[in-house]
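>>> Mind folding the following:
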Amino acid sequence: MTGMRMTVVGCSGSFPGPDSPASCYLVEATHDDGTGERTWRLLLDLGSGALGSLQRFADPLAIDAVLLSHLHADHCLDLCGYHVLRRYHPDGQQPRIPVWGPAGTADRIARGYDLDPDPGMHEDFVFSEYDDAGQEVVLGPFTVTATPVLHPVTAFALRVSAGGRTLTYSGDTAPCEGLDRAADGVDLLLAEASFRHGDDNPPAIHLTGRECGELASRAGVPRLVITHVPPWYSAEAAADEAREVYDGDVVVAAVGQQHDV
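A predicted model of the protein is given here:
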């Protein structure tokens, strides 16, 4: 594998739908850390229902790190089940792996499983928090830049680079300068489209399909993957909105879909 491969594990917006769990994306790249070449695997978000779907595409024990865009349940809650899988596996408690997220991630996830924050899940995961300055995180072959974006809670777009290729995952966000910076010049843009153009949408929460297309056009990216469309809306309609303002390749995310970046 050269560059990266991104697999859609879950792409339903706001809650699991009939065809998909909530947000989760598996990103893989090969790397030689001095002990031989192997495939490294990151999860971008681990939302409601995603842990079940993940087992179709990767061994959950082979994940190297989890990066959360924000702490809404549809982006983080299955970390609770992942804690159970790693802690009580028949092969024994598994080594700790990094979990990156906004401030308060460790306590938020502990509360989600009704644990005392001390020790919470610290015996299973190494929790680290993004700063607000576009922090870079290096994990094996990956460099991940977490950029603050506009949402009712603290949220980040995640820009992931490996092997000379780059993808950006919007997380949940309204249009903002941080999102433009995160998307600029990437090879693949994975962008949420929770709202419809022309509706009376509340401000400062989500993107429309049209706004995804405008973002992709400004950023000069060759491929746009529309994701996080709620089950009550049409993902194809969101993609059509994007195509009205963007001339690149537009794809609707679906569980099991793979993109070589």
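
>>> Model confidence score at Thr168, please.
With respect to pLDDT, Thr168 scores 98.

>>> Output the helix or strand hosting it as PDB, nothing but the C-alphas.
Thr168 is part of strand 165-169, with elements assigned from DSSP states H and E. What follows is strand 165-169 as a C-alpha-only set of coordinates in PDB (Å, rounded to 0.1, in the frame of the first residue of the first chain):
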ATOM      1  CA  ARG A 165      -0.700  12.100   0.600                       C
ATOM      2  CA  THR A 166      -3.300  13.900   2.800                       C
ATOM      3  CA  LEU A 167      -7.000  13.600   3.600                       C
ATOM      4  CA  THR A 168      -9.100  15.900   5.800                       C
ATOM      5  CA  TYR A 169     -12.100  14.800   7.800                       C
END
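
>>> So which elements touch it?
Under the contact criterion of 3 or more CB pairs under 8 Å, 6 or more residues apart in numbering; DSSP states H and E, strand 165-169 touches strand 155-162, strand 188-192. Backbone N, C-alpha and C define where each C-beta goes, glycine included.

>>> I'd like those strands laid out as JSON lines, including mean neighbour count.
Formatted as JSON lines, the helices and strands packed on strand 165-169 follow (neighbours: other CB atoms under 10 Å):
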{"stretch": "strand 155-162", "mean neighbour count": "26"}
{"stretch": "strand 188-192", "mean neighbour count": "28"}
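
>>> who wins for proximity to Leu77 among these?
Judged by CB to CB, the one of these that comes nearest to Leu77 is strand 155-162, at 15.5 Å.

>>> Not counting its own residues, what contacts that closest one?
3-4, 27, 29, 31, 42, 44, 67, 69-70, 102, 130, 141-149, 166-173, 178-179, 182-183, 186 (CB atoms under 8 Å, 6 or more residues apart in numbering).

>>> Narrow these to those in helices?
Among the contacts of strand 155-162, the ones falling in helices (DSSP state H) are 178-179, 182-183.

>>> ok, and the closest non-adjacent residue to Cys212?
Ala191 (4.3 Å; CB to CB, 6 or more residues apart in numbering).

>>> give the contact list for the one you found.
170, 183, 207, 212, 215-216, 224-227.

>>> run the last query once more with 10 Å
157, 168-171, 173, 179, 183, 207, 209, 211-213, 215-216, 219, 221, 224-228, 238, 242, 253 (CB atoms under 10 Å, 6 or more residues apart in numbering).

>>> Select only the buried ones of those residues in PyMOL?
Applied in PyMOL, the following selects the buried portion of the contacts of Ala191 according to 16 or more other CB atoms under 10 Å:
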select buried, resi 157+168+169+170+171+173+179+183+207+209+211+212+213+215+216+219+221+224+225+226+227+228+238+242+253
